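Asker: Here is my input; please provide its structure:
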Amino acid sequence: MKAEQQLTFRQGCIEGSPIFVGYFPTAMAFGLVCRDLGLRIWEAVLFSVTNFAGSGQFLAASLIRSGSILLEIFISVLLVNLRYSFMGAELSRKLEKGIGGIARVLLAHGTTDEVFSVAVLHRLPITKPYLAGLELTAYLGWVSGTAVGFLVGMVLPSALQMAVGVTLYAMFSSLLAQEFRQKGLNVLIIALISASLNSFLILVLKWGVGYSFVLSMLTASFLGAWFITEEEYRA
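Answerer: Residues are numbered from 1 along each chain as shown. Model prediction:
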């Protein structure tokens, strides 16, 4: 294969720029959430450096706020991020040969929904420099956004900092709206059943927030597999 036909680091950085732009404001919101939780700036930044998983991090922050124990947080975030194992398996099939060891581990850490979506569009084998550029650009947007959001929170009134807590609900509402548009009414019915079960476990049975969330999530997953048809899934 000729060099000019290979995906380059520069191309990865260019294609990662829109992801940077999208990640930065969302990460700022996460930085504000971390400040509202009482974390220090280095803890908030380390949170993003070691996790790099938007929905998982917001979920973890919400569970920390509710007083969930470590096991509840671990299981909940594990289930939310389980989709990355499937993305990683598919992305691994498209990687050029010879990528292994620590390089593969680092590239796996940088795989997100948006990175995966951009990378798999290419018909050429995905090179290590290209994927490194794509992931590094996105990663910098998330980590730097977290730091900036935390710093911005230092000058915001306390009332505005407390209002940042709705960010988690806004993000998951947008995900629900997208799924509803693609798969129809069944998604809303499943979400309603899951939410009702979660509320029942917490308010009536007095379960912990984390365990209630895990059971409700698993219930929604099984219902989705049962009721959503293959045609709706492919849509």
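Asker: Report the distance from the helix or strand harbouring residue 64 to the chain centre.
Answerer: Per DSSP states H and E, residue 64 falls inside helix 54-66. When distances are taken as CA atoms, centre = their mean, to the nearest Å, helix 54-66 is centred 11 Å away from the chain's centroid.
Asker: Can you mark which positions in the top helix by length along the chain are buried?
Answerer: Secondary structure of the chain read by DSSP state H shows that its longest helix is helix 9-37. Residues of helix 9-37 classed as buried by neighbour count (16 or more other CB atoms under 10 Å): 9, 11-13, 15-16, 19-20, 22-24, 26-36. C-betas here are computed from N, CA, C, even on glycine.
Asker: again, but for stretch 39-55
Answerer: For stretch 39-55, a neighbour-count test (16+ other CB under 10 Å) marks 39, 41, 44-45, 47-48, 52-55 as buried.
Asker: can you check stretch 149-162 too?
Answerer: Buried residues in stretch 149-162, counted by 16+ other CB under 10 Å: 149-150, 153, 156, 161.
Asker: can you pull out the helices in the chain?
Answerer: Assigned by DSSP H, the chain shows helices spanning 9-37, 41-51, 54-66, 70-80, 83-94, 101-109, 113-119, 128-153, 158-163, 167-183, 185-199, 209-227, 230-234.
Asker: Dump the ones you listed to a markdown table, plus mean pLDDT.
Answerer: Below are the helices of the chain laid out as a markdown table (pLDDT from 0 to 100):
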| stretch | mean pLDDT |
| --- | --- |
| helix 9-37 | 90 |
| helix 41-51 | 95 |
| helix 54-66 | 86 |
| helix 70-80 | 85 |
| helix 83-94 | 85 |
| helix 101-109 | 89 |
| helix 113-119 | 87 |
| helix 128-153 | 94 |
| helix 158-163 | 66 |
| helix 167-183 | 66 |
| helix 185-199 | 86 |
| helix 209-227 | 79 |
| helix 230-234 | 52 |
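Asker: ok, residue 148 touching residue 30?
Answerer: No - the criterion here is CB atoms under 8 Å, and residue 148 misses it with residue 30 at 10.7 Å.
Asker: Tell me, how many residues neighbour the nearest residue to residue 33 once chain neighbours are set aside?
Answerer: Spatially, and ignoring its direct neighbours in sequence, residue 33 is nearest to residue 61 (5.0 Å; CB to CB, 6 or more residues apart in numbering). By the criterion of other CB atoms under 10 Å, residue 61 has 22 neighbours.
Asker: Please shift the residue numbers so they start at 15 in all later answers.
Answerer: Okay, using 15 as the starting number, the last item reads as residue 75.
Asker: contacting residues around residue 75?
Answerer: 44, 47-48, 51, 182 (CB atoms under 8 Å, 6 or more residues apart in numbering).
Asker: Output those residues as TSV; include the columns distance to residue 206.
Answerer: Converted to TSV, the contacts of residue 75 look like this (distance: CB to CB, whole Å):
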residue	distance to residue 206
44	27
47	26
48	31
51	29
182	19
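Asker: Identify, from these, the entry nearest to residue 118.
Answerer: residue 44 (27.2 Å; CB to CB).
Asker: distance of the closest one from residue 154?
Answerer: 15 Å (CB to CB, to the nearest Å).
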